[in-house]
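# Quick one, what's the 3D model for this:
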Amino acid sequence: MALLAALALPAAAAARDRPLSAVLRTADAEIDWTNLGRSERLRVLQRWARAPAPLDALLLRVADSLSVHRTSAADLAAGNHTDMDIGGAGPHWEVNLSYTVLRGATKLDAHITLHELGHVIDGALVGDDLREEFFARFAHSAAWQPCWPMPLGSSSRCVRAPEIFADQFAFWATGRREVRSSYNVPPLLHRAQFGRFLQRVLRAPPEPAAG
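Sure thing, here's the model as predicted:
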């Protein structure tokens, strides 16, 4: 278990950023940070720490099956993406973030960090029935459209549902509605509405492990 003292922030950062909650520190100790350096790890934790309180509890539920990895040009799949591996102990999730996103300080860097975590929360904790409710509510938004087109040559014609959810999670977690990922999906729910859905996720029984 990592020493919590090792996560003490410099004075300037501590004044600017919200302190890590006890729940988030517990989750941090269970996550596999693979090849991230200390400063990169702290940056990810602080991006998570700025989110509304339900995120900490959601993260704690997946922490022991989560790793965070820095990608490089040498990786088969570089860039920012989330993978799931189903093994004997159940699903394991790997959030992959690029050096640029990990070391950057833009609003988009924070959005991408939370977008990738959104894939984990969606896949690990959101049941099918509640996911259908999410999308039924999304479809009532004035900004909704049946298809956000993907670039020519993509594996799908329209932005897929998991990417729509992950962007909505990032809008909620960061509180920034003006940022757009490469999918160009806008916010579809008010922050409080999305937060109420996530509270229902916390109250739901754990999803069975995929076999």
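# Find the helix or strand that the residue nearest to the spatial centre of the chain is a member of.
Compute the mean C-alpha point of the chain, and by CA atoms, centre = their mean the closest residue is residue 117, 1.7 Å away. Secondary-structure element containing residue 117, defined by DSSP states H and E: helix 107-125.
# Looking at the longest strand anywhere in the chain now, give me its mean pLDDT.
In the chain, assigned by DSSP state E, the strand with the most residues is strand 90-98. Here strand 90-98 scores 95 as its mean pLDDT.
# quick one: buried residues of the helix holding residue 117?
For helix 107-125, the neighbour count (16 or more other CB atoms under 10 Å) marks 108-125 as buried. Placement of C-beta: from N, CA and C, glycine included.
# I'd say the residue nearest to the centre of the chain and residue 63 touch.
No: between residue 117 and residue 63 there is no contact under CB atoms under 8 Å: 11.1 Å.
# any chance you could map the helices in the protein?
11-16, 22-30, 38-49, 54-62, 99-103, 107-125, 128-138, 161-174, 191-203 (DSSP state H).
# ok, and the closest non-adjacent residue to residue 100?
Excluding the flanking residues, the one nearest residue 100 by CB to CB, 6 or more residues apart in numbering is residue 109, at 7.5 Å.
# Let me see the contact set for residue 157.
147, 149-150 (CB atoms under 8 Å, 6 or more residues apart in numbering).
# What distance do you get for it to residue 182?
Separation of residue 157 from residue 182 (CB to CB, to the nearest Å): 16 Å.
# Leaving out chain neighbours, which residue sits closest to residue 64?
residue 30 (4.6 Å).
# Could you give the number of residues near that neighbour?
Using other CB atoms under 10 Å, residue 30 has 15 neighbouring residues.
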